[in-house]
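Visitor: Have a look; sequence and predicted model below, questions after that.
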Amino acid sequence: MLDLDTKKCIILNEILTIELETAKFMGGIRVAQTLILDGIKCSSIPILLFELISVCTEFLERQTGFE
């Protein structure tokens, strides 16, 4: 049978292991989120600008008859 100090050490070790696994998981989520946001920020043409260019191009094509 295990003494009280050994049981405490085992329980503490289990708690720390769970906390470490949780920290790794949360770190992984942060990395993924950062990569996604950086990808959006670093795109050569932001989405709204691309849409504006598309609308203007369509308008000019209709006005000039060039399609």
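Guide: Alright, I've got the coordinates.

Visitor: and the host helix or strand of residue 29, average pLDDT?
Guide: Following DSSP states H and E, one finds residue 29 within helix 4-41. The average pLDDT within helix 4-41 is 78.

Visitor: relative to helix 4-41, how tilted is the helix or strand just after it?
Guide: Going down the chain from helix 4-41, the next helix or strand is helix 47-64, by DSSP H and E. Angle of helix 47-64 versus helix 4-41, following axes from the mean of the first three to the mean of the last three CA atoms, to 10 degrees, is 20 degrees.

Visitor: May I have helix 47-64 exported as PDB, CA atoms only?
Guide: What follows is helix 47-64, C-alpha atoms only, in PDB (Å, rounded to 0.1, in the frame of the first residue of the first chain):
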ATOM      1  CA  ILE A  47     -10.600  40.700 -50.100                       C
ATOM      2  CA  LEU A  48     -12.500  44.000 -50.000                       C
ATOM      3  CA  LEU A  49     -10.100  45.700 -52.400                       C
ATOM      4  CA  PHE A  50     -10.300  42.700 -54.800                       C
ATOM      5  CA  GLU A  51     -14.200  43.000 -54.800                       C
ATOM      6  CA  LEU A  52     -13.900  46.800 -55.400                       C
ATOM      7  CA  ILE A  53     -11.600  46.200 -58.400                       C
ATOM      8  CA  SER A  54     -14.000  43.500 -59.800                       C
ATOM      9  CA  VAL A  55     -17.000  45.800 -59.500                       C
ATOM     10  CA  CYS A  56     -15.100  48.700 -61.100                       C
ATOM     11  CA  THR A  57     -13.900  46.500 -63.900                       C
ATOM     12  CA  GLU A  58     -17.400  45.200 -64.600                       C
ATOM     13  CA  PHE A  59     -18.700  48.700 -64.700                       C
ATOM     14  CA  LEU A  60     -16.000  49.900 -67.100                       C
ATOM     15  CA  GLU A  61     -16.600  46.900 -69.400                       C
ATOM     16  CA  ARG A  62     -20.300  47.700 -69.600                       C
ATOM     17  CA  GLN A  63     -19.600  51.400 -70.200                       C
ATOM     18  CA  THR A  64     -17.100  50.800 -73.000                       C
END
